[in-house]
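Trainee: Sequence first, then the predicted structure, then my questions.
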Amino acid sequence: KKKKINLRRIFVMAGSTGERPFGDIVTSIRYWVIHSVTIPSLFIAGWLFVSTGLAYDVFGTPRPNEYFSSTRQEAPLLTDRFDAVEQVESLV
């Protein structure tokens, strides 16, 4: 008697997690309705975060007009890594 091979069992053993296939998700209308709102919203939120200057305040970076002062017009470069703290204090 020939033994019948259960392909479903082999497929499950090969690593199926039982989740919905990616192709079904991407071709779903629901996926595109949700993502047509969320993806542009993320871009707009990022643009507002940077354009309002909030990113400078949150991360503590100088604004573009604060890089150079009236007394110092060259780039503030650190040249000695062992005395970096003193160099930073002298640049501020």
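Mentor: Thanks, I have it. Here the structure is a predicted model, which means the values were calculated and not measured. Numbers count the residues shown, from 1 in each chain.

Trainee: tell me which element residue 24 falls in.
Mentor: In this assignment (DSSP states H and E), residue 24 forms part of helix 22-26.

Trainee: Tell me which stretches of the protein form helices.
Mentor: Per DSSP state H, the chain carries helices over the ranges 7-13, 22-26, 29-51, 54-59, 84-91.

Trainee: what residues does the third one touch?
Mentor: What that stands for is helix 29-51. If you take CB atoms under 8 Å, 6 or more residues apart in numbering as the criterion, helix 29-51 is touched by 25, 54-55. Placement of C-beta: from N, CA and C, glycine included.

Trainee: what about that helix, average pLDDT?
Mentor: Averaged across helix 29-51, the pLDDT comes to 94.

Trainee: Just checking the distance from that helix to the centre of its chain.
Mentor: 13 Å (CA atoms, centre = their mean, to the nearest Å).

Trainee: nearest to residue 68, of the helices of the chain?
Mentor: Comparing the helices of the chain against residue 68 with CB to CB, the closest turns out to be helix 84-91 (11.0 Å).

Trainee: what stretches of this structure score poorly on pLDDT?
Mentor: For the chain, the stretches flagged by pLDDT under 70 are 1, 5-17.

Trainee: I'd like the helices of the chain as TSV, with distance to residue 72 appended.
Mentor: Output for the helices of the chain, formatted as TSV (distance: least, CB to CB, whole Å):
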stretch	distance to residue 72
helix 7-13	68
helix 22-26	54
helix 29-51	26
helix 54-59	20
helix 84-91	7
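
Trainee: Indicate which one of those helices is closest to residue 69.
Mentor: The minimum distance between residue 69 and the helices of the chain falls on helix 84-91, with 9.3 Å, by CB to CB.

Trainee: Alpha carbons only: can I get that closest one in CSV?
Mentor: Taking Å, rounded to 0.1, in the frame of the first residue of the first chain, the C-alpha atoms of helix 84-91 are listed here in CSV:
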residue,chain,number,x,y,z
ALA,A,84,37.3,68.0,24.1
VAL,A,85,35.4,69.3,27.1
GLU,A,86,37.6,72.3,27.5
GLN,A,87,37.4,73.0,23.7
VAL,A,88,33.6,72.9,23.8
GLU,A,89,33.4,75.2,26.8
SER,A,90,35.7,77.7,25.1
LEU,A,91,33.5,77.6,21.9
